[in-house]
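[1] here is the input, now give the coordinates:
(chains A, B and C)
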Amino acid sequence: MAKADGHILRVQGLKTYFPIRRGVFSRIRGWVRAVDGVDLDIPRGQTVGLVGESGCGKTTLGRTLLRLIPATAGTAWFEDELIFSANRRRMRQLRRQMQIIFQDPVGSLNPRMTVQTIVGEPLKVHGLAHGRALRQRVVNLLEQVGLSPGYLNRYPHEFSGGQRQRIGIARALALEPKFIICDEPVSALDVSIQSQILNLLADLQDALGLSYLFIAHNLAVVEHFCGEVAVMYLGQIVERAGSEDLYRNPVHPYTKTLLSAVPIPDPRTKTACQAPVGDVSDTSGPFTGCPFHPRCSLAQDQCRQECPQLREIGPGHFVACWRTE
Amino acid sequence: MVSYIIRRLLYAIPTILGVLLITFILFNLIPGDPSYDIAGKSASAETIAEIRRELGFDKPRFLDTEALSQGRIAAAFDSQFFNHFRNTLTLNFPRSLTSHEPIWDEIKSRAPASLTLAAPMFIGLIATSIAIALVVAFARGSWVDTILVFICVVGMSIPMLSYILFGQHYLAYELGWFPILGYESGMQAFKYIALPCLLGIASGLGSYVRFYRTVMLDEMRSDYVRTAFAKGLSSPRVLFKHVLKNAMIPIITTLVLSIPFLFLGSLLLERFFSIPGMGSYFLDAFNSRDFPVINAMVFTTSLLYVLGQLVTDICYALVDPRISLR
Amino acid sequence: MTEAALTSDIAVGKGRSLWADAWRRLLSRKLVVASLIVIAVFVMVALGVYAGLIARDWSEPVGPRYQRPSLEHGFGTDFLGRSVWRKTLYGAKISLTVAFLASLISICIGLPLGAIAGYFKGWIDELIVWLFTTVNSIPYIILILAFAFVLQGKTLFGYPLRGISVVYLVIGLTSWVGLCRLIRGEVLKHRDRDYVMAARAYGCSRSRIILGHVIPNVAHLVIINFSLRFVSFIHAEVILSFLGLGVKGEPSWGVMIDDARQELYRGCWWQLAAATLAIGLLCLALNIVGDALRDALDPKLRQGLE
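    Numbers count the residues shown, from 1 in each chain, chains lettered A, B, ... in the order given. The predicted structure follows:
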């Protein structure tokens, strides 16, 4: 199978490892396997959710796709273009089509720049607009994300969290990308603001035909926002299904655990919260079997020895678990 | 832990080699051949040749290519560059150009005088400034704090030379409370070092108090100190038991890093009070353009500094378990 | 509070940068304003000396030798009957020139080295760290004296080094380490911030990221560092000139102190007092402004206080 096959993005066997240096001469003693063999397709004009607890590698996955972090192995197509082998010039073109929105609305905006500079810089870097035209473009972008053009000369510290996130979105939109990685864009915001930002993202998707990879650590946020959801654990995708399917019929024990942590706004419903046993295991050492086995209540010998592969158990529903046969 | 110490030791090697490189550039490359400079304008060719041989300036600068082409490897490295590294590293300094004594002997014979001056001065300085800093930290935010800090800033704005000149003139010359200058070894030394010691403390007090005040106020703002106050401990108790204890790390750092200055005494104090220590040796070498002495002093003080840092780092690692994880 | 309410709180118009904020904070303190005025006066005097308007004939005797301070003789006269007042004014030129040029030199070395080390990491970082650890392991005063000793009387690109040029060159070449270390540490923190990630994501070049994003975010450290470092530069000039390794033939404050040394034993304290007063006043003002700048510009400290 070559190329993206009609998808906006296709990822195959993606691995991102970080070396661990120890000892007298700082030799490489091991690897942190942040992303460990991920396959993922993102259909054009749709949203794929990527869910997992902190440290599972979802942010690394997003940044690797934009080549902000070098990939260790694997391939990724953006439309018909290979991302990881693109040369400097091609990569510059690719960057115009793929953008990212960050979690932290404080750290993601340069505190010494005005809104106009922040939002306008991508256009300047690519030589797309100058002077009056640039200013007009920035005004339009601000209006598009629901900010007043009067804010042009203000600095990030003069805004609220939600407004800063809107500035970040405007910056990501500046280059008119086709695909945006939303790296937990609402996690740092108040609940009341979260829905405003989610609505904004949904509106922009409809208006501009964007595709999203939506990263979150919380299943509740993705439920209504994503058509398809992938659950990640220790660098691997353990379950992938259509959003409704996944919520109604979770199969992997880890997905079940995550879902049981989502509060249900009905005091009469009693849910048995299945907290996972133990801690996230260390991925740096030699490791065999299913990544979830040390915490899984269903673990058997097979789970400790062999790593399960994603299998299709229903239409569009994939899971990597030995105990679901 | 052991690997941390070994690594820390290995890190010191490039630094020391770097210091040697800097001294080579300073004393061999930039000045070129100082023989004429030293011998004077009317020196005979023999004298100059003598000096050149003494200093090793008759040898090739980096590598004896002639010897190398003849296959005499050992002779090829008999150059200014390699001799500088070899001799300095083994503390095998040449003779002084003025006194014609071996420099290392001179350093050894002068070190005690420097230490006699510098050790009480540093201990006094650190003890006084910690005491004042505790008072300031205790009275933080009040007018006592404001006034003391202002005095400190005034104190550190005045140059040390003014302290020394005024002190020597009025306290020793006019009032006759101290001997004006001079030095004797043994118990008599204390008579002579009293005034320089006091002046050293006075001129350093401002910056030290301010530094320790910052350190202590940082500690005071930490959550564990707030907790200690919240559970009803008295202020002096919190100050001594919690703040001072945790402020010890920066205090020890300043102590260890002042080792080279202990050794060197205070250059200016030694010069003004005619104390025959390392500092005056160093300054005298400038006046007589005594290159080898300056080179030796730069290297030995840096060596002491590097060793001081090494000891501090290892002490930290012993005390703080987090460090060995790095 | 809803976002709409928050939005209405901020009136539409020009924003306040962090710099403007800091400047406002500075001017709200009387002592700082007074210190800024003192510094401004010293700078004016120095410029006046350069323009030949002030203390031009400092070398002319104005009266008998060793005159006490009086209405007639101002700060008194020295051993050649020259006016101590004029010498003191002239000294401002030398001190400020040395401190300014030395700062310029050490910023030109320390800032780019620190930024490069912090941003690129790897072997280039290790090389720069080695360089500054090495320079730093030679005690500052010894390094300065040794440099001054060696450079005295040499020529640099055909330009003879003597007097004041040696002083600022030596101080500049030896005091970049603190700044370099500081900038490196700060750049290391900033290079992994999301705003740098964002800039890389939209295809910003490395040089643009360093110059346009990272440096503006660490520039305040340069200012804080040097407002405080200025004082030690002025003191270093005094010591170098006093030891005869610095300024010659011009009345710097260090030279004045050296002259005063002989005079003290005749009971003539005024030349020493004048130089001390000038140095003390300028350095006091610089210290106060430096502290205030640090409080005003360093957001970490600000958070701690509020």
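[2] how's chain B carved up into domains?
    For chain B, automatic domain parsing gives the domain ranges B:2-89, B:113-319.
[3] please identify the deepest-packed of the ones you listed.
    domain B:113-319 (a mean of 18; mean count of other C-beta atoms under 10 Å in any protein chain shown). Backbone N, C-alpha and C define where each C-beta goes, glycine included.
[4] would that domain count as contacting chain C?
    Yes: on the criterion C-beta under 8 Å from any C-beta of the partner chain, domain B:113-319 is in touch with chain C at B:153-154, B:156-162, B:165-166, B:169, B:173, B:221, B:260-261, B:264, B:267-268, B:282-283, B:286-287, B:294, B:297-298, B:301-302, B:305-306, B:309.
[5] rewinding a little: so which of the domains of chain B gets nearest chain A?
    Closest to chain A of the domains of chain B, according to C-beta to the nearest C-beta: domain B:2-89, at 5.2 Å.
[6] A strand includes A:Asp39, no?
    Yes: counting by DSSP: H, G, I helix; E, B strand; the rest coil, A:Asp39 is found in a strand.
[7] tally of neighbours for it?
    Using other C-beta atoms under 10 Å in any protein chain shown, A:Asp39 has 17 neighbouring residues.
[8] thought it was touching A:Val11?
    Yes: the pair A:Asp39 and A:Val11 passes the contact test of C-beta atoms under 8 Å, sitting 6.2 Å apart.
[9] test my guess that A:Gly209 contacts A:Gly45.
    Yes: when contacts are counted by C-beta under 8 Å, A:Gly209 is listed as touching A:Gly45 (5.2 Å).
[10] which one's more surrounded, those two?
    Legend: neighbour count by other C-beta under 10 Å for A:Gly209 and A:Gly45, higher for A:Gly45 (16 against 11).
[11] just the strands in the chain please.
    All of this is about chain A. A:9-22, A:27-42, A:47-51, A:73-78, A:81-82, A:98-101, A:179-183, A:211-216, A:228-233, A:236-242, A:311-314, A:317-319 (DSSP state E).
[12] try chain C instead
    C:155-156, C:159-160.
[13] find the nearest non-adjacent residue to the residue in the stretch 201-306 of chain C that chain B sits nearest to, please.
    Using C-beta to the nearest C-beta, the single residue of the stretch 201-306 of chain C nearest to chain B is C:Cys283, 3.6 Å away. Nearest in space to C:Cys283, with sequence neighbours left out and distances taken as C-beta to C-beta, 6 or more residues apart in numbering or on different chains, is B:Ser157 at 3.6 Å.
[14] that neighbour touches C:Ala278, doesn't it?
    No: using C-beta under 8 Å, B:Ser157 is not in contact with C:Ala278, being 10.8 Å away.
[15] ok so, going back, what's the closest of the strands of chain C to chain B?
    strand C:155-156 (10.3 Å).
[16] pLDDT of the closest one, averaged?
    Averaged over strand C:155-156, pLDDT sits at 71.
[17] tell me which residues are up against it.
    C:Leu161, C:Leu169 (C-beta atoms under 8 Å, 6 or more residues apart in numbering or on different chains).
[18] neighbouring strands for it, and are they parallel or not?
    Taking DSSP bridges as the criterion, strand C:155-156 forms sheet pairs with strand C:159-160 (antiparallel).
[19] the strand it pairs with: how far from the chain's middle?
    24 Å (C-alpha atoms, centre = their mean, to the nearest Å).
[20] now stretch C:205-217
    25 Å.
[21] any buried residues in that stretch, and which?
    In terms of neighbour count (16 or more other C-beta atoms under 10 Å in any protein chain shown), stretch C:205-217 has its buried residues at C:Ile209, C:Ile210, C:Gly212, C:His213, C:Val214, C:Ile215, C:Asn217.
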